[in-house]
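Participant: When you get a sec, could you give me coordinates for this:
(2 chains)
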Amino acid sequence: MSRWAQSRASWLKPDFVFLAVALVIPVLDLILPGFLQIGSQMRQIFLFAILGLGLNIVTGFTGLLHLGVAAFMAIGVYAFAILSSEIYPFRFGFWGALALTPVVGALAGLLLGAPTLRLRGDYLAIVTLGFGEIVQDVLRNVETVTKGTQGINPLPYPNVFGYEFVTETYQPWYFLFLGIVVLVVALNRNIENSRLGRAFISVREDELAATCMGINTVKIKLVAFALGAALCSLAGGLWASYLGSTGEPGNYDFQVSILAVCIVIVGGMGNISGVLLGALVMIGIDSLVLVQLTRYLQQQGLSSTANVMSMPNNWKYMIFGLALVLMMRFKPEGLLPSRRVKAELHHDEPPKPADRLCPNCGYPTGTSTVCTECGATVAASS
Amino acid sequence: MSVLDVSNLTMRFGGLTAVNKVDFAVDPRQIFSIIGPNGAGKTTVFNAVTGIYEPTDGQIRFQGHEIRRPLTARTIVGIGAIAILTGLGALIAYNIDGLWRAVITANFKYLQPFPYGEAFGDFFGYVFGALPWTSSILPFLFGLAIGGAGAFVVWNRSRRTPNVIAQRGIARTFQNIRLFQEMTVLENVLVGMDTRMRTRFWHMALRLPLYWREKRETEAAAMELLRFVDLADEAGYVARNLPYGHQRRLEIARALASNPKLILLDEPAAGMNPSETVELMALIRKVRETGVTVLLIEHHMRVVMGISDHVVVLDYGNKIAEGTPQEICRTERVIEAYLGKEQIG
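Facilitator: Numbers count the residues shown, from 1 in each chain, chains lettered A, B, ... in the order given. Next up, the predicted model:
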């Protein structure tokens, strides 16, 4: 019992480390010279962390490969925009629209989940991929509602106790997004350690055994879809407010879905702190390291817009691809693996005595050296 | 009244008859064994009883009733609501452009309060007035049919699924152990207890008092069960790291966690050494003493003859003998079909 409690406690630690670092970054920005300031770019990392956590519920916990996360982000973006923009009649304001966005997203998740429940593995992945493309096309073509490729703008900025957010100072945004990330992480932790989280994981581990234990796997998969979609559309709503516009529907394409999958895989599938680290690494490379490197090389005259290959910020997908290949080869369980997934992926360890079969009759022999079925002697070591 | 009453059970897979007109009745608090050579259809009977297969023919009654979710008024209302919602969805999606113009754009003045009542009226005005029946009634009926049929098919398929049967009080273990390998021993038992839990989403998300109370109670009950099968010291281990015999016992504990009235054990002694087998026999007797009826598939004649109250013998899907272990031992057909030449020679 104490052993179990201990393992739980050590699990929580990375979250608090991340929180402490996140709280220090705006303070550091006041001291550091301009080119090292990262607080402003951290906002994107927070948003993608929420997106990754949403995907983690579907793919990491429940084991359903989902390649259409961008569709739910787009649904969140447009739901937030239509509910809050002044050019539409609803005008719920920032907080009202933000509260309704996950509800819309969850309904969309149910809509996708209900007909696809019996699909597994590759087939489900292809359906979700198709859903992502359909949503983009619909948003582009229903111009009366979504303004097509123009996008919807302006969108209201957040307002906290009468304090209006502006684009010039990033700190209020930073703490708002950080606060929402903290809430989402807390929600994920609570679910992971509860009845629902165990049901998610049992469906991933062995669906037949789970249903024989009285778990309604159909319902559990639907809940996972709806919950994941709700978090992804929450990320979308925040993204729309951060941009002040929906942007073009084509922004929410397959690249975004794959980026979310990369975040979950690189960080560690099924592990909440891993997803946070994955967002930090992947988006950090994209919007911090490469951007600063480009600026530095341009100052030194080493890269120019004339040659696109010489600009590090064009290396993005090459680096992502390389990162994925290297991860899959050397650390398939991710940077911060969940203990479960790690055990699943390392099957090359010597087989346990329990897996041994009698050479004579093929019966499992357990730990004994004499087969209980036919009496043949089994080799003592494997 | 018998706990489980299987009558005339037949399972056909294409041209293969795996189980052919099998009858048996399990009385309360019995240890009831099904034996037979490999491929006799024992596990198929288990799968039919636990809802993994739908029987081709015949009936399975549990405590006098067939387990099948009834068609209630609530189900009909639910299916109807889904059908109407998908119908409305199809109607709106088909005419989204015109509807948005007529309902939202026409009533909207910049920064003025939006007249929701008028807009609501305009919706019906547009649907019944402006639209031809081909673009209002037809899409609605299309959505109604798709949604209604889909909801009905999903409900119909879920009438006799393993989870429905498990919730009514039949638990099982598997021939090739199917634990949740990467979960801890304690978590495995807690998954088994899921049917007894009452927390809902908001209790979990916000950690309301009910969540804590249930966590305390279920963890205590799970530890109690682990002590019952003598695994309490391993509660924190990941299930895959347990020795084989312990995994078998954990599977029994997980099955017992749902407070079943009937437990189905599929070859629990497979792969166990003699001393583990003796412990297992004691455990099965202990399970029966708690008031649970045990239905057992077993190959080990020592286990079957040692603990069974009643034995059914299957061969090629047919029941060839039934009775107490002593009677079975003396039946010639059983000796021929199952115990083989060794016994005769």
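Participant: can you pull out the strands in the stretch 151-300 of chain B?
Facilitator: Assigned by DSSP state E, counting those that start in this stretch, the stretch 151-300 of chain B shows strands spanning B:170-172, B:262-266, B:293-297.
Participant: Other residues contacting the second one?
Facilitator: With contacts defined as CB atoms under 8 Å, 6 or more residues apart in numbering or on different chains, strand B:262-266 is touched by B:3-4, B:26, B:42-43, B:46, B:49-50, B:62, B:169-175, B:252, B:255-256, B:284, B:287, B:292-298. In this view, the C-beta of every residue, glycine as well, is placed from N, C-alpha and C.
Participant: One more pass at 7 Å, please.
Facilitator: B:3-4, B:43, B:46, B:49-50, B:169-175, B:252, B:255-256, B:287, B:292-297 (CB atoms under 7 Å, 6 or more residues apart in numbering or on different chains).
Participant: Also the shortest one?
Facilitator: By CB under 7 Å, 6+ apart, the surrounding residues in contact with strand B:170-172 are A:212, B:46, B:49-50, B:62, B:255-256, B:258, B:260, B:262-264, B:266.
Participant: between those, which has the most around it?
Facilitator: The residue in the contacts of strand B:170-172 with the most neighbours, by other CB atoms under 10 Å in any protein chain shown, is A:Cys212 (29 neighbours).
Participant: For that one, give me its contacts.
Facilitator: Contact partners of A:Cys212, counting by CB under 7 Å, 6+ apart, are B:Thr50, B:Pro162, B:Ala166, B:Arg172.
Participant: Tabulate the residues you listed in CSV, adding columns for pLDDT.
Facilitator: Below are the contacts of A:Cys212 laid out as CSV (pLDDT from 0 to 100):
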residue, pLDDT
B:Thr50, 93
B:Pro162, 93
B:Ala166, 93
B:Arg172, 94
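Participant: nearest to chain A, of the residues you listed?
Facilitator: Comparing the contacts of A:Cys212 against chain A with CB to the nearest CB places B:Ala166 closest, at 3.6 Å.
Participant: can you pull the contacts of that closest one?
Facilitator: A:Cys212, A:Met213, A:Gly214, B:Thr195, B:Ser258.
Participant: can you rerun that using 8 Å?
Facilitator: A:Thr211, A:Cys212, A:Met213, A:Gly214, B:Thr50, B:Thr195, B:Ser258, B:Pro260.
Participant: In helices, which of those residues appear?
Facilitator: Counting by DSSP state H, the contacts of B:Ala166 place A:Thr211, A:Cys212 in helices.
Participant: how about a markdown table for the contacts of B:Ala166, with distance to A:Val127 added?
Facilitator: As requested, the contacts of B:Ala166 are exported to a markdown table (distance: CB to CB, whole Å):
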| residue | distance to A:Val127 |
| --- | --- |
| A:Thr211 | 22 |
| A:Cys212 | 27 |
| A:Met213 | 27 |
| A:Gly214 | 28 |
| B:Thr50 | 30 |
| B:Thr195 | 31 |
| B:Ser258 | 33 |
| B:Pro260 | 37 |
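Participant: Three-state assignment for B:Val313, please.
Facilitator: Three-state call for B:Val313 (DSSP: H, G, I helix; E, B strand; the rest coil): strand.
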